[in-house]
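**Student:** Kindly return the folded structure for what I paste below:
(one chain, ligands or ions: 3)
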Amino acid sequence: MVKNTSTSVVTIERFIIEQEREHPHATGALSNILADLAVASKMIANKVRLAGLADVLGAEGSQNVQGETQQKLDVISNDIIYKAMDHGGRLCAMASEEMEGIIPIPDQFKKGNYVLLFDPLDGSSNIDVNVPVGTIFSVLRRVTPAGGDGTLDDLLQPGYKQVAAGYVVYGSSTMFVYTTGQGAHGFTLDPSIGEFLLSHPHIRTPDKGRYLSVNEAYEQHWEENVRALIRRYRGMDGRREAMNVRYIGSLVADFHRNLLGGGLFAYPANRKSPTGKLRLLYECNPLAWICEQAGGAAIDGQRRILEVQPTQLHQRSPYFVGSKHDVEIAAEMLATA
Ligand code: AHG
Ligand code: MN
Ligand code: MN
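**Tutor:** Numbers count the residues shown, from 1 in each chain. Ligands and ions are numbered 1, 2, ... in the order given. All right, here's what the predicted structure looks like:
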């Protein structure tokens, strides 16, 4: 396994290839998908960096399929990923948080054996206040016969079937974190050479978290068991020392901090949003797998998120992800819901 030492500089391309070598039967298709996503994310990073200057700031006025106002950078990021991924011959369909239905691969291009699901710009309402945003992606192997267009059956698979998943956080530095099931690894963009360099090999998240990330404005709409759970994390029932509360409002950024420092991100169901807000396929599943690979866990309140069988592309799910011990507390306290 590649190790990050002071004497070796490992680019993301080299790391992906070295991991692929451990699978003698690999075709290289998955490696190419990851490499293309790394390129797309560098392009998005450039746009995000210039957001305060360029004429891309502010709401475009259109709404996405969930009725949320789209920022211009949402649309731009969606386009960048689509154009980076449509012609490689490795995908047979895509789906994006910003697009209503399946995104087909254009007729003139070869259809591959994988599908890609993505949230092109997570936390986009934070762009105009210069707060970190991100990209999240999930790759699945198709279940329909090779050669043709991908279908909903290929996209609506439970998270444990993912073959690659990751996120990019556009923060004080740009980081690309991914897994193919051989651990979770992080790469930091060196802007002077335009390369992602291995900076966080084999990420491990602490078993017990320091940080609690939840939007407490919804407390008035939570069920009593959720209220009791959050009180417990905050040390108010005397059964646990208080966690520090940190909530950015960009899932990727909140998740990333908690992954490295230990913590629990919660977006519970509430009476106004009975299935929560976050999208199972574009947000919950990819981050759940990364977290599990780092030694953490993720549930929807009752079940392991990765075992939920999706029925709709834009399905939402309650979400509790992070340090193992803290997710276990949630599972125990919400079991009777
Ligand atoms: P997106 O920008 O992709 O629509 O996602 C926004 C999400 C997520 O990033 C964040 O954690 C959550 O919305 C915040 O929601 P609340 O404002 O309801 O807390
Ligand atoms: Mn999002
Ligand atoms: Mn988004």
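
**Student:** what's the offset of the lengthiest helix in the chain from the middle of its chain?
**Tutor:** As assigned by DSSP state H, the longest helix anywhere in the chain is helix 29-49. Helix 29-49 sits 14 Å away from the centroid of its parent chain (CA atoms, centre = their mean, to the nearest Å).

**Student:** mind listing what's buried in it?
**Tutor:** Buried residues in helix 29-49, counting neighbours by 16 or more other CB atoms under 10 Å, are found at 29-38, 40-45, 47-48. Backbone N, C-alpha and C define where each C-beta goes, glycine included.

**Student:** Which secondary structure state does the closest residue to ligand 2 within the stretch 151-300 of the chain sit in?
**Tutor:** In the stretch 151-300 of the chain, the residue that lies nearest ligand 2 is E283 (5.2 Å; CB to the ion). Classification of E283 by DSSP: H, G, I helix; E, B strand; the rest coil places it in helix.

**Student:** Surely it touches S250?
**Tutor:** No: using CB atoms under 8 Å, E283 is not in contact with S250, being 11.2 Å away.

**Student:** Now do the shared contacts for the two.
**Tutor:** Shared contacts of E283 and S250 (CB atoms under 8 Å, 6 or more residues apart in numbering): D122.

**Student:** Need phi/psi at the residue nearest to the spatial centre of the chain.
**Tutor:** With distances taken as CA atoms, centre = their mean, the residue of the chain nearest its centroid is I136 (3.6 Å). With angles defined as degrees, to the nearest 10, I136 sits at phi -130, psi 140.

**Student:** so what's the residue of the stretch 151-300 of the chain closest to ligand 2 up against?
**Tutor:** So E283 contacts E97, D119, D122, I136, L251, Y319 (CB under 8 Å, 6+ apart).

**Student:** Name the residues linked to the residue nearest to the fifth one when sequence neighbours are not counted by a beta bridge.
**Tutor:** Once its chain neighbours are removed from consideration, L251 has its nearest residue in D122; the separation is 5.4 Å (CB to CB, 6 or more residues apart in numbering). Residues in a beta bridge with D122, per DSSP bridges, are G134.

**Student:** Looking at D122 now. What's its pLDDT?
**Tutor:** According to the prediction, D122 has pLDDT 97.

**Student:** roughly how far apart are it and P274?
**Tutor:** Distance, D122 to P274, by CB to CB, to the nearest Å: 22 Å.

**Student:** again, but for A335
**Tutor:** Going from A335 to P274 by CB to CB gives 18 Å.

**Student:** what's the neighbour count on N130?
**Tutor:** 10 (other CB atoms under 10 Å).

**Student:** Can you verify my assumption that it contacts G52?
**Tutor:** Yes: the criterion here is CB under 8 Å, and N130 meets it with G52 at 6.6 Å.

**Student:** Can you list phi and psi of D237 for me?
**Tutor:** According to degrees, to the nearest 10, D237 has phi -110, psi 10.

**Student:** Contact partners for it?
**Tutor:** So D237 contacts A228, R231 (CB under 8 Å, 6+ apart).

**Student:** Let's see the pLDDT reported for it.
**Tutor:** pLDDT for D237: 92.

**Student:** How about E22?
**Tutor:** 87.

**Student:** the more surrounded of D122 and P274?
**Tutor:** Comparing D122 with P274 by other CB under 10 Å, the one with more neighbours is D122, at 29 against 10.
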